[in-house]
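K.L.:
Pasting the sequence and the predicted model now:
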Amino acid sequence: MKIGVVADTHSKDLPKQMLSDLKSVDLIIHAGDFCEVRDYEAVAKIKEVKAVYGNMDNSEIRKLFPRKQVFKLGAFSVGLFHGEGPPKTILEKVKEEFQKDKVDIVIFGHSHQPLNQKEGDVLYFNPGSPNDTVFAPYCSYGIIEIDDKKFSAKHIKIKD
């Protein structure tokens, strides 16, 4: 199973490179801050989308998606949350949010900073933003690959 992971698209133009790559995935996960429904609809035309709302999402998006989700992908449990607070403390906030959940992978956004970090048995993955470098060194999105016994995650830097 191949999953495209995106966050913090903020109603800005989506890179052609990312849109092309998302055509080859089985599922798209968006970790919040679409901002408007039309932006969700643009991504949903490509593949099925699992998402949460972020702090910048309007009320229409907040009606469509929860603040937090925990779901299964194959044998693995995935936590999805946008995140909150300053970039320096976001990982701690995300850990707090899932401290009572048994998860293997936690996907989040908010800081626009790519992160692919395993702590104990949990992978914390922030895809970065594909179109905004406000707190990040580059624009990016992610790909997570899952099979029966393992998973891997990587960032894809935007070239165009």
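P.N.:
Thanks, I have it.
K.L.:
ranges for the strands of this structure?
P.N.:
Along the chain, counting by DSSP state E, strands occupy 2-6, 27-30, 49-51, 68-73, 76-81, 105-107, 115-119, 122-126, 140-146, 151-157.
K.L.:
got a list of what the residue nearest the centre of the chain touches?
P.N.:
Of all residues in the chain, the one closest to the mean position by Cα atoms, centre = their mean is A31, 3.6 Å from it. Contact analysis of A31 by Cβ atoms under 8 Å, 6 or more residues apart in numbering lists 5-8, 51-52, 54, 80-83, 107-110, 126-127. All C-beta atoms are positioned from the backbone trio N, CA, C, and that covers glycine.
K.L.:
please redo it, this time with the cut-off set to 10 Å
P.N.:
Contacts for A31 (Cβ atoms under 10 Å, 6 or more residues apart in numbering) come out as 5-9, 50-54, 80-83, 106-110, 125-127, 142.
K.L.:
Hmm, H110 and P87 touching each other?
P.N.:
Yes - the pair P87 and H110 qualifies as a contact (Cβ atoms under 10 Å) at a distance of 8.0 Å.
K.L.:
Local confidence estimate at the residue nearest to the centre of the chain?
P.N.:
We have a pLDDT of 98 for A31.
K.L.:
let's number from 21 now, not from 1
P.N.:
Yep, numbering from 21; the last one is A51 now.
K.L.:
among the strands of the chain, which is the most enclosed?
P.N.:
strand 125-127 (a mean of 26; mean count of other Cβ atoms under 10 Å).
K.L.:
Quick one: distance of that strand to the chain centre.
P.N.:
Offset of strand 125-127 from its chain centre (Cα atoms, centre = their mean, to the nearest Å): 8 Å.
K.L.:
now that strand: mean pLDDT?
P.N.:
98.
K.L.:
residues making contact with it?
P.N.:
23, 25-27, 49-52, 70, 72, 89-90, 93, 96-103, 111, 114-115, 117-118, 137-139, 142-147, 162, 164, 166, 171, 173.
K.L.:
try 6 Å this time
P.N.:
Strand 125-127 has contacts (Cβ atoms under 6 Å, 6 or more residues apart in numbering) with V25, I49, A51, V98, G99, L100, V114, F118, L143, Y144, F145.
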